[in-house]
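Peer 1: Give me the fold of what follows.
(chains A and B)
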2 protein chains.
Amino acid sequence: MSTTRPLRPVGGRSREVPGSGQGSATAASRVLAVLDAFGPAHATLTLSEISRRAGLSLTTTHRLVGELRVWGALERSEDGRYGIGLRLLELGALAPHGLQLRELAVPYVDDLHQATRANVVLGVRDGADVVYVEALRARGAVRLMSRIGGRWPLHATGTGQVLLAFAGPEVQEEVLSGPLTSFTPHTITDPAALRRTLAEVRRTGVAVAENQLTADAPALAVAVPVRGRGDEVVAALGVTVAAGTTQASALAPVLNATARGISRALGAPSAQPPSRRCT
Amino acid sequence: MSTTRPLRPVGGRSREVPGSGQGSATAASRVLAVLDAFGPAHATLTLSEISRRAGLSLTTTHRLVGELRVWGALERSEDGRYGIGLRLLELGALAPHGLQLRELAVPYVDDLHQATRANVVLGVRDGADVVYVEALRARGAVRLMSRIGGRWPLHATGTGQVLLAFAGPEVQEEVLSGPLTSFTPHTITDPAALRRTLAEVRRTGVAVAENQLTADAPALAVAVPVRGRGDEVVAALGVTVAAGTTQASALAPVLNATARGISRALGAPSAQPPSRRCT
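Peer 2: Below you'll find the predicted structure:
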């Protein structure tokens, strides 16, 4: 299930476009710049906000937004602001490592959510980030960190640390050599400390991250790997609870059992029952 | 929560692009044509398949696919095939009427799924289609009709009939005057019959669709409206069970209770408790 795509900057979005110079290549990059203007903190924008954030003239922005709207990538609300259209949700849902993995995993993730009543996320690696393809929130939880489509740098979350620990050496070196963004005083920003953490994750098969992403709501995140057909790590399953409510050692067994169920459904050899493994 | 966007052909995707003639407009439409090449039945494609489906030369396809890959809209698997990238899932998740509605509704939808153990979907209208923003499948159910991002013509599903029944007259006339695609012998394809069905949905507040989408697995779909801040219908909540297992009359109360909970959370006046409504 692994893919080959160049790593992108940690937590950022590359706007680099290859082979420019041709008029049409530039035009394609403009389309992508319009889409890039939208983000979790900018879910709806006016035309002039899009123009400013995309670095395009109002005339060009107006024309491109018109095309994207007809196609369904953008929609305009009655107050005149633009937002992402459902056509992009429809397309995004086709990502082979995204909602298709979610499809298969959802009954298991749902069981885990019922059993723990915690925030549950299923994340996959995209470059140097983890992207959540499933997120079930504990009732009453107001944290918006875990939602489908959410993206975080690998080093700062439990699921990200699992994915990084089991990624190829080139991915690890890229992340370890790059800047490690600090989200709280507990985020691991020292490469040597991160290296030790990753070794510990590989040894134990469990990542435990305390207060590394949010300072306002102390949280304990525990995550384990999900394996695919070749026993490679294809995803990470994590739960997050309020700090002090549950021990990581109490969460690891149910997480491991659930991850094993998903791995078995994905065809991972190590997750098959012994009888089947020998035949 | 309603938006203004031109209706698109029932079940189809418009490839019409306005204001062409300029070189860059054409280039933008080419980018969208590359993305349009992908679909549920074409989740991964080779370069030449993209080229053929998009109607573009191999050279142009190669260049655009390269740009889209760097940006994250496409990814290449190790076997050389291309699929939709997680960047589009991330963007699609920002759709104001999509996963943001799902965020708020998910605890209620989860409860309904636990209570009924049925397939549960939450759908919103996009032009003349319903798009599912949440879909929880019954354990063991193999039907792939209900998945996040799934898109169906309004007239052919329970949730679609709810959304159509409460849509503006121009939407209803557009659908009633257009071709009504037949999926099974039970799909309503007669405009007069559809008009009667919609009136009944408005009268009872419940849509009941039997065997209208799949012929291979007879199914009963029951759906009810979810209302927004202005009491307008913003979504439809539906359950699907195997035909003959449950009566529609047994599903309507739990569906209505759940839809009312979501409507209340959305701020719908008619779903507020009486005490609050009077103050």
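Peer 1: Look up the residues forming beta bridges with the nearest residue to A:Leu94 once chain neighbours are set aside.
Peer 2: Nearest non-adjacent residue to A:Leu94, counting by Cβ to Cβ, 6 or more residues apart in numbering or on different chains: B:Ile84, 4.4 Å away. Yep, even glycine has a C-beta here, placed from its N, CA and C like the rest. Judged by DSSP bridges, the bridge partners of B:Ile84 are B:Leu74.
Peer 1: Whichever strand or helix holds A:Val109: what's the following helix or strand?
Peer 2: Using DSSP states H and E, A:Val109 falls within helix A:99-116. Following helix A:99-116 in sequence order, the next helix or strand is strand A:119-126 (DSSP H and E).
Peer 1: can you tell if that following strand touches chain B?
Peer 2: Yes. Strand A:119-126 lies within reach of chain B by Cβ under 8 Å from any Cβ of the partner chain, at A:124, A:126.
Peer 1: now that strand, how far from the chain's geometric center?
Peer 2: 6 Å (Cα atoms, centre = their mean, to the nearest Å).
Peer 1: and it with helix A:99-116, angle?
Peer 2: 150 degrees (axes from the mean of the first three to the mean of the last three Cα atoms, to 10 degrees).
Peer 1: separation between the nearest residue to A:Pro218 once chain neighbours are set aside and B:Thr246?
Peer 2: Leaving aside its chain neighbours, A:Pro218 sits nearest to A:Ala243 (3.6 Å; criterion: Cβ to Cβ, 6+ apart). A:Ala243 sits 43 Å away from B:Thr246, taking Cβ to Cβ, to the nearest Å as the criterion.
Peer 1: returning to what we had before: any residues touching the helix holding A:Val109, and which ones?
Peer 2: For helix A:99-116, contacts defined as Cβ atoms under 8 Å, 6 or more residues apart in numbering or on different chains pick out A:1, A:92-94, A:120, A:122, A:124, A:133-134, A:136, A:138, A:148, A:226, A:234-235, A:237, A:239, A:241, A:251, A:254-255, A:258, A:261-262, A:265-266, B:43, B:89, B:110, B:113-114, B:136-137, B:139, B:147-149.
Peer 1: Near the residue nearest to A:Leu94, how many other residues are there?
Peer 2: B:Ile84 has 29 neighbouring residues, counting by other Cβ atoms under 10 Å in any protein chain shown.
Peer 1: for the one 10 residues further on, same thing?
Peer 2: Around B:Leu94 sit 24 other residues, with neighbours defined as other Cβ under 10 Å.
Peer 1: Mind pulling the model confidence for it?
Peer 2: Looking at B:Leu94, its pLDDT is 88.
Peer 1: just for the stretch 101-250 of chain A, where's the confidence low?
Peer 2: Residue ranges of the stretch 101-250 of chain A with pLDDT under 70: A:139-146, A:215-216.
Peer 1: quick revisit: from the contacts of helix A:99-116, keep the buried residues only.
Peer 2: A:1, A:92-94, A:120, A:122, A:124, A:133-134, A:136, A:138, A:148, A:226, A:234-235, A:237, A:239, A:241, A:251, A:254-255, A:258, A:261-262, A:266, B:43, B:89, B:110, B:113, B:136-137, B:147-149 (16 or more other Cβ atoms under 10 Å in any protein chain shown).
Peer 1: Filter these down to just the ones in strands.
Peer 2: A:120, A:122, A:124, A:133-134, A:136, A:226, A:234-235, A:237, A:239, A:241, B:136 (DSSP state E).
Peer 1: Out of those residues, which is nearest to A:Leu68?
Peer 2: Closest approach between these and A:Leu68, by Cβ to Cβ: A:Val133, at 24.5 Å.
Peer 1: I'd say the closest one and B:Leu89 touch.
Peer 2: Yes. The pair A:Val133 / B:Leu89 is scored as a contact, 7.1 Å apart, by Cβ atoms under 8 Å.
Peer 1: which residues do these two both contact?
Peer 2: Looking at what touches both A:Val133 and B:Leu89 (by Cβ under 8 Å, 6+ apart), the common residues are A:95, A:98-99, A:148.
Peer 1: Reformat these as CSV; add distance to B:Val65.
Peer 2: Output for the shared contacts of A:Val133 and B:Leu89, formatted as CSV (distance: Cβ to Cβ, whole Å):
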residue, distance to B:Val65
A:Ala95, 15
A:Gly98, 19
A:Leu99, 21
A:Ile148, 26
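Peer 1: Among those residues, which one sits closest to B:Leu198?
Peer 2: For the shared contacts of A:Val133 and B:Leu89, the nearest to B:Leu198 is A:Leu99 (31.0 Å; Cβ to Cβ).
Peer 1: ok, back up a step: residues contacting the residue nearest to A:Leu94?
Peer 2: Here B:Ile84 is in contact with A:91-92, A:94-96, A:98, B:35, B:38, B:43, B:73-75 (Cβ under 8 Å, 6+ apart).
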